[in-house]
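Asker: Build me a structure from this.
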Amino acid sequence: MEGFEAFFDYTSFSHVTIYHVIMIAVGVLFIYLAIKKEYEPLLLIPIGFGILLGNIPYPQDAGLLVGVYDEGSVMNYLYFGVVQGVYPPLIFLGIGAMTDFSSLLSNPRLVLLGAAAQVGIFLTFMGAIMLGFGPSEAASIGIIGGADGPTAIFLASKLAPELIGAIAISAYSYMALVPLIQPPIMRLLTTKKERVIRMKPPRAVSKKEKVLFPVVGMLLTTFISPSALPLLGMLFFGNLLKESGVTRRLAETAARPMIDVVTILLGVTVGASTQADTFLTEESVLIFGLGAASFVIATGGGVMFAKVMNLFLKEGDKINPLIGNSGVSAVPDSARVSQVIGQEYDESNHLLMHAMAANVSGVIGSAVAAGILLSFMS
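Answerer: A predicted model of the protein is given here:
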């Protein structure tokens, strides 16, 4: 019996709490949503499984080095890429290598929609301050409104590493729920007449423009926000690999195998960081609430700014406000939402390319905003 008791004390059954059960249920829910509903499966399955890994309880005094917070453990070494901000720039490199900026180059004014959507970041920053969070923590929470998981993790790793788990889970959750959260806001803020506005087809963009854009874009954005250099530098470098036409192998590596490997490591380790004893706190609940508010405000800000722009545009040049939701950087899901909602009211109206212009602008805008916040908070 003594041997059995010793064995039982060594297992997870003797250490499990209701909080572990809650977090395991959350992990299972993420996996269910990814498989059954196909909500961002490339993100939610690694994160959901990571949550399961992080919430297998074990005796703390047994010397087991298995958790992300156990110095010297394998998971701790993998988690190093999160807390030191290594993974996000690598993901941005892959995003740049996958992204076609032609739609933005053909209609540069749509970059304003990506800028307008960042209002959610700064309003949520102020809201977090009012709720008692410190400036650095508030800045890390506010960036959730950009709907950009890597950017949120990058900023949190620099300013509030103790909140990385809650911020990352919140950011990726709202990214996955874009098809559910954004449509009601878009319908609420637009009229039937606005939803059927037809925009001019994008013009053809030359190869010269495509090659110059990552160079000029990198110089311009990093001079404005040098703190965002790791993100923006990698984003535009990846795009140059793609558009140059002479580094196809490098572009394909960045856009496929590399970004897939980094996404797996990032998702699993972020999920594993949500251990019940450190994650289920009042702070985490507030972060989820503020993250939702930030995302809603960012979506509404993009839609409303498109309506404001239309006040100064002549007939035939107006912007369909339904693409304003794409100012957040959830690429390409928010652009797809613009297309789907637009075709509900006019099946022959194709908004996807225009929405993608706002969408990629949102990626750049959220990185610039993160760099500005990092500069001030540092």
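Asker: what sits against the nearest residue to Gly72 once chain neighbours are set aside?
Answerer: Once flanking residues are discounted, Gly72 sits nearest to Leu65: 5.3 Å by Cβ to Cβ, 6 or more residues apart in numbering. Quick note: C-beta positions are derived from backbone N, CA and C, even for glycine. With contacts defined as Cβ atoms under 8 Å, 6 or more residues apart in numbering, Leu65 is in contact with Glu71, Gly72, Ser73, Val74, Asn76.
Asker: Then Val86?
Answerer: Taking Cβ under 8 Å, 6+ apart as the test, what Val86 contacts is Phe80.
Asker: For it, give its distance to Ser273.
Answerer: For Val86, the distance to Ser273 (Cβ to Cβ, to the nearest Å) stands at 15 Å.
Asker: Ser12 now?
Answerer: 18 Å.
Asker: Between these two, tell me which one has more neighbours.
Answerer: Between Ser12 and Ser273, counting by other Cβ atoms under 10 Å, Ser273 is the more crowded of the two (24 against 12).
Asker: how close does the more buried one get to Val262?
Answerer: Separation of Ser273 from Val262 (Cβ to Cβ): 16 Å.
Asker: what's the answer for Gly362, then?
Answerer: As for Gly362, its distance to Val262 is 21 Å (criterion: Cβ to Cβ).
Asker: Beyond the helix ranked longest in the chain, next helix or strand please.
Answerer: In the chain, assigned by DSSP state H, the helix with the most residues is helix 282-310. Following helix 282-310 in sequence order, the next helix or strand is helix 333-345 (DSSP states H and E).
Asker: I'd like the next helix or strand past the worst-scoring helix or strand of the chain on mean pLDDT.
Answerer: When each helix and strand of the chain is scored by mean pLDDT, DSSP states H and E, helix 2-10 comes last, with a mean of 74. Later in the chain than helix 2-10, the nearest helix or strand by DSSP H and E is helix 18-36.
Asker: Just checking the distance from that following helix to the centre of its chain.
Answerer: Taking Cα atoms, centre = their mean, to the nearest Å, one finds helix 18-36 lying 20 Å from the centre of the chain it belongs to.
Asker: and what of stretch 334-352?
Answerer: For stretch 334-352, the distance to the chain centre is 22 Å (Cα atoms, centre = their mean).
Asker: What residues of it count as buried?
Answerer: Under the neighbour-count criterion of 16 or more other Cβ atoms under 10 Å, stretch 334-352 has Ser334, Ala335, Arg336, Val337, Ser338, Gln339, Ile341, Gly342, Tyr345, Asn349, Leu351, Leu352 buried.
Asker: And the closest residue to the last one other than its chain neighbours, how far from Glu347?
Answerer: Nearest-residue entry for Leu352: Gln339, 4.2 Å, with adjacent residues in sequence omitted and distances by Cβ to Cβ, 6+ apart. Per Cβ to Cβ, Gln339 is found 11 Å from Glu347.
Asker: before we move on, back to that, which of Gly362 and Val262 has more neighbours?
Answerer: A count of neighbours by other Cβ under 10 Å puts Gly362 above the other of Gly362 and Val262, at 31 against 20.
Asker: Next, find the distance separating the more buried one from Leu112.
Answerer: Gly362 is 11 Å from Leu112, by Cβ to Cβ.
Asker: Repeat that for His15.
Answerer: His15 is 54 Å from Leu112, by Cβ to Cβ.
Asker: Looking at these two, which is more packed in?
Answerer: Neighbour count, other Cβ under 10 Å: between His15 and Leu112, Leu112 has more, with 20 against 14.
Asker: can you tell me which residues contact the more buried one?
Answerer: Applying Cβ under 8 Å, 6+ apart, we find Leu112 in contact with Phe305, Met309, Ser361.
Asker: can you tell me how far Leu177 sits from Gly54?
Answerer: To Gly54, Leu177 is 22 Å away according to Cβ to Cβ.
Asker: Mind checking which of these two has more residues around it?
Answerer: Neighbours were counted for Leu177 and for Gly54 using other Cβ under 10 Å; Gly54 has more, 28 against 19.
Asker: contacting residues around the residue most central in space within the chain?
Answerer: Nearest residue to the geometric centre of the chain (Cα atoms, centre = their mean): Asp148, 1.9 Å. Asp148 makes contacts with Ala171, Met175, Val328, Ser329, Ala330, Gly362, Val363, Ser366, Ala367, as judged by Cβ under 8 Å, 6+ apart.
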